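> Let me see the structure of the following:
(chains A, B, C and D)
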Protein chains: 2
Amino acid sequence: MKKNADLSPGSITLVDVAKEAGVSAITVSRTIRSPEIVSEASRKKVEAAIAKLGYAPDPAASALASKTTSTIGLLVPSLTNNVFADVVRGVYDGIEGTRYFVQIGNFRYSALKEEDLLRVFLRQKPAGLIVSGFDQTAQACDLLRTAPCPVVQIMDFGPEPADMAIGFEHRDAARAATQHLLDSGYKKPGFLGARMDPRSQARLEGFKDVCRAAEIMDEARIVTTRQPSNVGMGRQLFELLLSRAPDTDAVFCNNDDLAIGVLMEAQRRNITVPTDFGVCGFNDIEIARNMVPEMTSVSTPRYDIGRRAIQMILDEIKSPGSVEDRNCNLGFELIERSSTLRRS
Amino acid sequence: MKKNADLSPGSITLVDVAKEAGVSAITVSRTIRSPEIVSEASRKKVEAAIAKLGYAPDPAASALASKTTSTIGLLVPSLTNNVFADVVRGVYDGIEGTRYFVQIGNFRYSALKEEDLLRVFLRQKPAGLIVSGFDQTAQACDLLRTAPCPVVQIMDFGPEPADMAIGFEHRDAARAATQHLLDSGYKKPGFLGARMDPRSQARLEGFKDVCRAAEIMDEARIVTTRQPSNVGMGRQLFELLLSRAPDTDAVFCNNDDLAIGVLMEAQRRNITVPTDFGVCGFNDIEIARNMVPEMTSVSTPRYDIGRRAIQMILDEIKSPGSVEDRNCNLGFELIERSSTLRRS
DNA sequence: TTGACAAATGATAGCGCAATCATTAATGTG
DNA sequence: CACATTAATGATTGCGCTATCATTTGTCAA
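Purely as a prediction, here's the structure:
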């Protein structure tokens, strides 16, 4: 059973500090928010009083009076996903040492839920907002466009961000990966995809682009599911691919989880990678480069996206309109490793 | 550049709704917070007015007036870690559909940072608090004990929670895993550990317990690091173990990341698992059961811990003192798979 | 019908802070 | 030295909501 802690430190207010320091309440408020406009003498007195009383401002009162909070909202489609875990890490590293907080909303790949969450977040008067991609509902787009705070759309790259955006071209990345399979001597590449959110769809299109250009496009080699991505799913999809198109000689996976599954299933079936079969993943998660054989993958700037998204918001809060590059393409990098090294 | 959205939906207040509905402001407030004490007629009128105006309460004003928020704080030592990702997922599933939010604080395995974050969270007047383990600083412990909201300590199991706790016995779990290695016919088991937070330490103790009892305790077979855990680190630690104690014939890893690294490095060195060498992981993450060979691991109730921690808090908010089992041991399960199947 | 009681509703005040405008002190200029 | 200008500080008010207490209305037994 809990005790009631009515005498907790929260009961000290600005006025108490002001009395202790012998100044007015508003001077205390200013000392905290913008010390540079308070005289050295007042500031010292106030700081001493704050330290002595252990004062800490009440964020609710501050929010009510100023119509803004220190919360930065972050809307992600998944928390399980390794990809968004890295973004989240970048975001948290980015706000480290600032007076801001991150509040994460998980919309589970549902645009409707995203719209709901957006409303919930907006009524909290956030200092900034980070959302995933460009595929919001029309209403959600309006909300983003008219939001009274900086907004960053992350992970994707499109023509017209609501406010700011940072990400990379998924379709291009998939093209590079697929082209690499062909360049490595594989003739009949397949595609495995799970979840198939808009960014996954873009990757599939990139794969198709290259296959069509090389005139080797075959729908039977494309195996996708709307279910979540994981290693077990990679094994299943690979089995399905082999049963549908047994002569497939390589595969580009929507992400590394699936690719690891393929690697494992190949090992179980004594299919030799890369000699008999090439495997390319996507995202280049840590485990991929420590597989045996080491896995070829497309390295994506997930951490940087999170980190820089926060920086854009902080800059924009400091002086609105100051961010120059409001639609930022961070690119990707194809990391060639042994799992596609047929020509060695 | 952003437009100023001064006419955003946020500008509608309780008073506006009250006028529209022809009742007083406080009746509107009650209709939202506890509809059961408002007459059917009033409620209908108010609900209609809310719908018509698109009203949404201002959480800051509510927090200021009521001295409590709808925020539940969650303090975790890491966001990268698979383990806490599952906890977070459970927590988010647990608050789904309630009026509460989760705010995550990442204290990066630093007890001091945890204490800071605790203070920051407490001044927001959270509705509840979830913290990791029992290893807070003395001051942080006091804060938890006197917090004016339900508190749950998760992931560990100890004698005296500050308020409530849910977790499992790490030392017992490590004992079970180590005993399993011996029972499987391995004679010289080693231990690999990364990060070595308090719960990792407890697991090491469990390992030592069993080795001492079997009179095979050898410090040379214990290889640990304070660096973060990942697959690459598993490979490195395994190399170190083999160079220090080449006759080691099995290993219990602090967690699955390391164990996967061992599996990979063993494959590279043509060490056959499980015949030549046994590998047991910890946590039983999804990828572990899809490795080749499938990995023996200790399944831990991470998702359930998160989910039930939230439930405990919600129950406790509803009626303080109502939660019966305030110190809950969810146990663990040793999942025996091929990676330790020497005696087949 | 009357009084007693519960259910429903309202009036008032205040939560702790920051925006606004007013005031005072400090500094510079001719 | 008078005056203008800037820097520093303060008094007042209100943000939107809920707690508290007071009041009204409805219900029932005597």
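> Skipping adjacent residues, who's closest to residue A:16 in space?
With sequence-adjacent residues excluded and distances taken as C-beta to C-beta, 6 or more residues apart in numbering or on different chains, residue A:16 is closest to residue A:53, at 6.1 Å. C-beta here means a position set from N, CA and C on the backbone, and glycine is covered the same way.
> OK, contacts around the one you found?
By C-beta atoms under 8 Å, 6 or more residues apart in numbering or on different chains, the residues touching residue A:53 are A:12, A:16-17, A:20.
> Please apply the same query to residue A:209.
Neighbour list for residue A:209: A:171, A:174-175, A:178 [criterion: C-beta under 8 Å, 6+ apart].
> coming back round to it: any chance of the contacts of residue A:53 in JSON lines, plus pLDDT and distance to residue B:110?
Shown next, in JSON lines, are the contacts of residue A:53 (pLDDT from 0 to 100; distance: C-beta to C-beta, whole Å):
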{"residue": "A:12", "pLDDT": "89", "distance to residue B:110": "27"}
{"residue": "A:16", "pLDDT": "91", "distance to residue B:110": "31"}
{"residue": "A:17", "pLDDT": "91", "distance to residue B:110": "29"}
{"residue": "A:20", "pLDDT": "89", "distance to residue B:110": "32"}
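> Can you tell me how far the residue nearest to residue A:16 is from residue B:140?
20 Å (C-beta to C-beta, to the nearest Å).
> number of nearby residues for residue A:68?
Residue A:68 has 16 neighbouring residues, counting by other C-beta atoms under 10 Å in any protein chain shown.
> nearest spatial neighbour of it, skipping sequence neighbours?
residue A:125 (5.2 Å).
> which residues does the one you found contact?
Contacts of residue A:125 by C-beta under 8 Å, 6+ apart are A:63, A:67-69, A:148-149, B:10, B:60.
> Need those residues in TSV (columns: secondary structure).
Shown next, in TSV, are the contacts of residue A:125 (DSSP: H, G, I helix; E, B strand; the rest coil):
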residue	secondary structure
A:63	helix
A:67	coil
A:68	coil
A:69	coil
A:148	coil
A:149	coil
B:10	helix
B:60	helix
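> helix or strand for the residue in the stretch 201-344 of chain A that DNA strand C sits nearest to, which one?
As assessed by C-beta to the nearest atom of the strand, DNA strand C sits closest to residue A:317 within the stretch 201-344 of chain A, at 12.7 Å. Element membership for residue A:317 (DSSP states H and E) is helix A:302-318.
> buried stuff in that helix?
A:302-317 (16 or more other C-beta atoms under 10 Å in any protein chain shown).
> Would you enumerate the residues in contact with the most centrally placed residue in chain A?
When C-alpha atoms, centre = their mean is applied to chain A, the residue found nearest the centroid is residue A:87 (3.7 Å). By C-beta under 8 Å, 6+ apart, the residues touching residue A:87 are A:76, A:154-155, A:302-303, A:305-306.
> that's a strand at it, yeah?
No - applying three-state DSSP, one finds residue A:87 to be helix, outside a strand.
> and it, how far is that from chain B?
Distance, residue A:87 to chain B, using C-beta to the nearest C-beta, to the nearest Å: 10 Å.
> and if you look at residue A:127?
For residue A:127 relative to chain B (C-beta to the nearest C-beta), the value is 13 Å.
> do residue A:43 as well
22 Å.
> Residue A:35 is in contact with that residue, correct?
Yes - counting by C-beta atoms under 8 Å, residue A:35 is a contact partner of residue A:43 at 5.6 Å.
> Out of these two, name the residue with the larger neighbour count.
Per other C-beta under 10 Å, whichever of residue A:43 and residue A:35 has more neighbours is residue A:43, with 18 against 13.
> Could you see whether DNA strand C lies near the one helix or strand the more buried one maps to?
Applying DSSP H and E as the criterion places residue A:43 in helix A:40-53. No - applying C-beta under 7 Å from any atom of the strand, one finds helix A:40-53 separated from DNA strand C by no less than 9.8 Å.
> hang on, the earlier thing: just the buried residues of the contacts of residue A:53.
A:12, A:17, A:20.
> ok, the residue of the stretch 201-344 of chain A closest to DNA strand C touching residue A:127?
Yes - at 5.9 Å, residue A:317 and residue A:127 qualify as touching, with contact defined as C-beta under 8 Å.
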